[in-house]
Structure formats: structure tokens, C-alpha cells
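Q: after the sequence you'll find the predicted model.
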Amino acid sequence: MPRRRPVRSDGTVRSLDRAVRGHVVTDAKSLTEVGHDGSHLSGRPLAAVAPADVDDVVTLVRWARRSKVPLVPRGGGTSLDGESVPPNGAVVVDLSGWDSLLEVDPVARWARVGPGVVNRELNRAVRPHGLFFPPNPGSWSESTIGGNVGTNASGMRSFRYGATRAWVREVEAVLGTGARVRLGSRVAKRSVGPDLLQMFIGSEGTLGIATEVTVRLARLPAVRQGAIVPLPRSARLGEVVGRLSRLPESGLSAVEYLDRGCAQALAERRGARWPRDSSLLLLEVEADGPQDACRKLARLRASFGRANAGKDGFTVFEDADELWTLRGESGDVLLERFGYHVREDVAVPLAAVDRLVESLGRIARREKVPYFLFGHLGEGSLHPNYAVGPSSPAAGRIRTAVLNAARALGGTISAEHGIGQLKRGFLTEELGADAVEILWAVKRACDPDGILNPGKLYPAPT
């Protein structure tokens, strides 16, 4: 972010510019760019700062405490529930330029990175070591590791590898007190009391600003192929996943789902080479070599044939990342077609997946709005999309109904996108008032002045 002179004549901005060594930006175009994220929400920040180093972040936090000005950390700006949208008058802390791969230990299999490193770029950087970072959210071509940590992002390979939480060893952060801390450790295991690192992961920048992240890496499979399987309308999704989970030596690392509408939209807008007239399973198979991959794909094909599912088509992608890049555009394609709309993120136990899908469809029919569904079927994590304005009265009814449907089935209101602004009012219903008060106590301890990303995650105090 280039420095633009002169900065605004506002006394607060001049005070900020004197305090930090990093770039301070106040022009309208730049502030508009950092005033919104992947959601429909937006704010009007006072300024944006690209800190020069960790000491500059400490200085910035201390300045914010004195000036009573909120700080909002920002990476790729891909969050979908308003996590990185600044309140009016806040200062955006732009960490997108902190994109260095600082250190790789190929033996212990970890990498130390700046929070602005983009997920896909990290994978490209460690590939020569025969390693990879498993979490791959649909926004992996834009989202940053710092943002992945902030929301505990997940992705297509979470069927085998889980979410970001399982792949973070250590985080350096500057708390809202101005204290510089290291949470976690690079050792393989440690027992020194409650895990403060895990509390920081998923905190959406409300406890501290991550300045460095050490992530675990996995061995890169020799072969990673994708497969597309058309499903008959009568298919019971929970049964399909159960069968796949029981299949011995399948090598499956991802089990994704696209309903018929999503499959058609991607085929029309992105030229996807798959059937347009049925819902689809998208699979990833890891193998030790080409022959092993052929055996595993043949076993999968036979399994679907016996179940009368997918017998009319089984398309293989030699490079699974090509498939996931295409799958990751599902949300973008719907955004192009309908503009901003209700995009949700819920999960239920696998035994309840089909009941959730039925409930989501009923909500669309009741509200008389177009409805599309995709998600991480292997973990019961689904993203229902309703083509209605996100600020409309119908949107409020739909969001409430979707979240209530998930919770009624023993599920959660957020599987991987986080809480942000849009769902903070629903958190108490899921966690309970006592648990929320514990969260507030942690927030007050780490950020006593409430300057870090206010209005996110935590329900308003009662």
C-alpha cells in the first residue's frame, strides 16, 4: 500500500501518521477498497495502515488505546459475515503485504509465515519440499493464512484433514493491551495448562493482531486426483457419505456436494466439464502412484455402481486442484448471477444431513425464492444460498430459519465462516449465556479498551 501525501488534516489522522512508521492511507478510493469484505456489509474507515514491523503494530495498538480508535485487522478481505468490515471511523490494519515465507522445516514439517501469505501461494512455496498445507477454503486463491486462523477456516479437504485449528503450531500476536505474545509451540506436543493458542484461533481479530503464524504441513501425496459423480434424485446424501466412509483404503480426502442448480450454473458460466442435469459429488483421491490411483478410483466407481448412483458418469480430473479451483467458484458464480444474497454456513451430524437438506428446501419454497446448495458433505457442512437481498425482511427470516433448523438437528450456526457481524446475535442460543460471559471475560482481559474489531463475534452485553 503506497504512502499518499499529504494525509488528511484531521488531528487524529495526523497523530496516527506521526506515531507509526508504516504506510498511512486516507484517500477515498483506498478506503473504499478496505471498507468491505466478501459480505454485503461495508464501513467508512478513518484510515488504513500497513505496519512496518511487529514493533510498529505494538505502537499502533498503544496509539489506538490512547486515541480510543478501533483497529480492524485485514488480510485478503474474503470473509463472508463481515469479520473484516471496519466500523465507521476505525483504522484498518492492512496485513496483506506481510506475505513472506519466513522459514520451512521440511523434517519437522512446519512453516513459519507472515499473516498475509495467501493460502494457495503457501502451498506453491512448500511443494518443492514434498509438503502441503491441507486446509483449502474455496477462497484459497485470495484468503490469507492470518484470515484462515482468524475464522478457523476449513475447505474441501477437511473430510480427511480437518480445519485450520488442527494445523496451527504457534502464533505471534499483539494483544489489545499492546503486549506481544507467542501462543503455542513448534514442538509436536506440550502440556502446560489450558491451550491459549486454540482460544486465539477463530477469535476473528478480537483478541489480538496475528503478526506471524507457524503452521503444520503434511506430506504431499504422489498422486491427487479428483472425481465427479452424478447422483440420482433419489440419493440419500447421508447414506452416500456413510458408504464412502466405510470403504476400505479409499484414499478419500474430500467429499463435496453441488446441487443441480449449482452444477448447471458452473457449467454455463465456467465451462465445467460435467453433467448439468443432476446433483454431483466431487471427490478427491490420494494415492501412492498412478497404479494405486487407478485401483482406488475403480473401487469407488464399483461402489457407486452397486448403489445405483453415478453409474451414468464418472469424470476424473488428473489434477485435483483444478477441480477445487472450479468448485471454489461456486459462490462467485451465484454472486454474478444474483448479486449479494443470503449465503449461509451451517453443519449437522451426518445422520441429520438429509433432514437438514429437506428443511433448507422448505424454507426456499415458503419464501418463494431461488435456492442453491453446495458444501462439504463429508462433514455435514453445507452452504445454502437464497437469491434474495441480504438486507431485506425476507433475508432476516431466512437466516433465522436456517440457523434454527441446523441447531434443532444438533448442529451449529457456523461450520467454517465464523460469526462476524451477521450472526453475533445468535451465538448465545448456541453456546449459552454462561459460556458467552466467559468469552467476554477473555475479551476484556486481552482487549480491555475494546479497540480490536468491535461489533464482531460477541453478542452485545446484557
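A: Sure, I can see it.
Q: helix or strand right after whatever helix or strand residue 384 lives in?
A: Assigned by DSSP states H and E, residue 384 falls within strand 381-386. Counting by DSSP H and E, the next helix or strand C-terminal to strand 381-386 is helix 393-408.
Q: list the buried residues of that following helix.
A: Within helix 393-408, the residues that qualify as buried are 394-395, 398-399, 401-407, counting by 16 or more other C-beta atoms under 10 Å. Heads up, the C-betas are built off the backbone N, CA and C, glycines and all.
Q: can you put these in TSV and add distance to residue 304 and pLDDT?
A: Listed next are those as TSV, based on distance: C-beta to C-beta, whole Å; pLDDT from 0 to 100:
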residue	distance to residue 304	pLDDT
394	38	97
395	37	97
398	33	98
399	35	98
401	33	98
402	30	98
403	33	98
404	34	98
405	29	98
406	28	98
407	32	98
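Q: widest-spaced pair of the residues you listed?
A: Within the buried residues of helix 393-408, 394 and 407 form the most distant pair, 20.5 Å apart (C-beta to C-beta).
Q: burial of residue 208, as a residue count?
A: When neighbours are defined as other C-beta atoms under 10 Å, residue 208 has 25 of them.
Q: so which of the buried residues of helix 393-408 is the closest to residue 441?
A: residue 407 (24.3 Å).
Q: can you give me the angle the strand holding residue 384 makes with helix 393-408?
A: Put simply, strand 381-386 runs at 160 degrees to helix 393-408, going by axes from the mean of the first three to the mean of the last three C-alpha atoms, to 10 degrees.
Q: give me the mean pLDDT for strand 381-386.
A: Taken as a whole, strand 381-386 has a mean pLDDT of 97.
Q: distance from that strand to the middle of the chain?
A: 14 Å (C-alpha atoms, centre = their mean, to the nearest Å).
Q: residue 298 versus the closest residue to residue 281 other than its chain neighbours, what's the distance?
A: Spatial nearest neighbour of residue 281, excluding adjacent residues (C-beta to C-beta, 6 or more residues apart in numbering): residue 229 at 4.2 Å. For residue 229, the distance to residue 298 equals 13 Å [C-beta to C-beta, to the nearest Å].
Q: out of those two, which sits in the busier spot?
A: Higher neighbour count among residue 229 and residue 298: residue 229, with 27 against 11, using other C-beta under 10 Å.
Q: so that one sits in a helix?
A: No: Residue 229 is assigned strand when assessed by DSSP: H, G, I helix; E, B strand; the rest coil, not a helix.
Q: from here on, call the first residue 45.
A: In the new numbering, first residue 45, that becomes residue 273.
Q: that older thread, list just the nearest of the buried residues of helix 437-452 to residue 296.
A: For these, the nearest to residue 296 is residue 450 (24.6 Å; C-beta to C-beta).
Q: roughly how far does residue 499 sit from residue 196?
A: On the measure of C-beta to C-beta, residue 499 and residue 196 end up 20 Å apart.
Q: that older thread, pull up the pairing partners for the strand holding residue 428, direction included.
A: Sheet pairing here is set by DSSP bridges, and for strand 425-430 it gives strand 386-387 (antiparallel), strand 390-391 (antiparallel), strand 415-420 (antiparallel).
Q: burial check on residue 85, number of neighbours?
A: For residue 85, using other C-beta under 10 Å, the count is 21.
Q: now the most centrally placed residue in the chain: which helix or strand?
A: Centroid check for the chain by C-alpha atoms, centre = their mean gives residue 197 as the closest residue, at 3.4 Å. For residue 197, there is no enclosing helix or strand under DSSP H and E.
Q: tell me who's in contact with the closest residue to it other than its chain neighbours.
A: With sequence-adjacent residues excluded and distances taken as C-beta to C-beta, 6+ apart, residue 197 is closest to residue 181, at 4.5 Å. By C-beta atoms under 8 Å, 6 or more residues apart in numbering, the contact set of residue 181 is 163, 187, 192, 197-199, 372, 460.
Q: any weak-confidence spans in the stretch 95-244 of the chain?
A: The stretch 95-244 of the chain contains no residues with pLDDT under 70.
Q: which parts of it are helices?
A: With helices called from DSSP state H, counting those that start in this stretch, the stretch 95-244 of the chain shows them at 98-111, 163-170, 189-195, 202-205, 240-244.
Q: put the alpha carbons of the fourth one into CSV.
A: Listed next in CSV are the C-alpha coordinates belonging to helix 202-205 (Å, rounded to 0.1, in the frame of the first residue of the first chain):
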residue,chain,number,x,y,z
SER,A,202,-11.4,-31.2,5.7
PHE,A,203,-13.1,-34.6,5.2
ARG,A,204,-9.6,-36.1,5.9
TYR,A,205,-7.6,-33.3,7.4
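Q: and for it, what are the contacting residues?
A: In contact with helix 202-205 (C-beta under 8 Å, 6+ apart) are residues 178-179, 211, 262, 296-299, 330, 420, 422-423, 425, 460.
Q: okay, now residue 293: neighbour count?
A: The burial count for residue 293: 9, using other C-beta under 10 Å.
Q: what distance do you get for it to residue 167?
A: 25 Å.
Q: element containing residue 499?
A: Here residue 499 is assigned to no helix or strand, by DSSP H and E.
Q: tell me the contacts of it?
A: Taking C-beta under 8 Å, 6+ apart, we find residue 499 in contact with 131, 465, 468.
Q: of those residues, buried ones?
A: Buried, going by 16+ other C-beta under 10 Å: 465, 468, out of the contacts of residue 499.
Q: ok, the contacts of residue 499 vs residue 403, which is closest?
A: Once C-beta to C-beta is applied, the member of the contacts of residue 499 that ends up nearest residue 403 is residue 468, at 23.0 Å.
Q: burial count for the residue lying closest to that closest one once chain neighbours are set aside?
A: Distance criterion C-beta to C-beta, 6+ apart; nearest residue to residue 468, sequence neighbours excluded, is residue 503 at 5.4 Å. Using other C-beta under 10 Å, residue 503 has 18 neighbouring residues.
Q: equivalent analysis for residue 313, please.
A: 14.
Q: again, but for the one 3 residues further on
A: For residue 316, the tally of surrounding residues (other C-beta under 10 Å) stands at 23.
Q: is it true that it touches residue 306?
A: No: look at residue 316 against residue 306 with C-beta atoms under 8 Å: they stay out of range, at 10.0 Å.
Q: so what's the nearest residue to residue 106 once chain neighbours are set aside up against?
A: Spatial nearest neighbour of residue 106, chain neighbours left out: residue 222 (4.6 Å); criterion: C-beta to C-beta, 6+ apart. Counting by C-beta under 8 Å, 6+ apart, residue 222 touches 102, 105-106, 109.
Q: pop the domain breakdown of this protein in here.
A: 55-138, 145-263, 267-371, 383-461 (automatic domain parsing).
Q: what is whatever helix or strand residue 479 lives in packed up against?
A: Secondary structure from DSSP H and E places residue 479 in helix 477-490. Secondary-structure packing of helix 477-490 (3 or more C-beta pairs under 8 Å, 6 or more residues apart in numbering; DSSP states H and E): helix 471-475.
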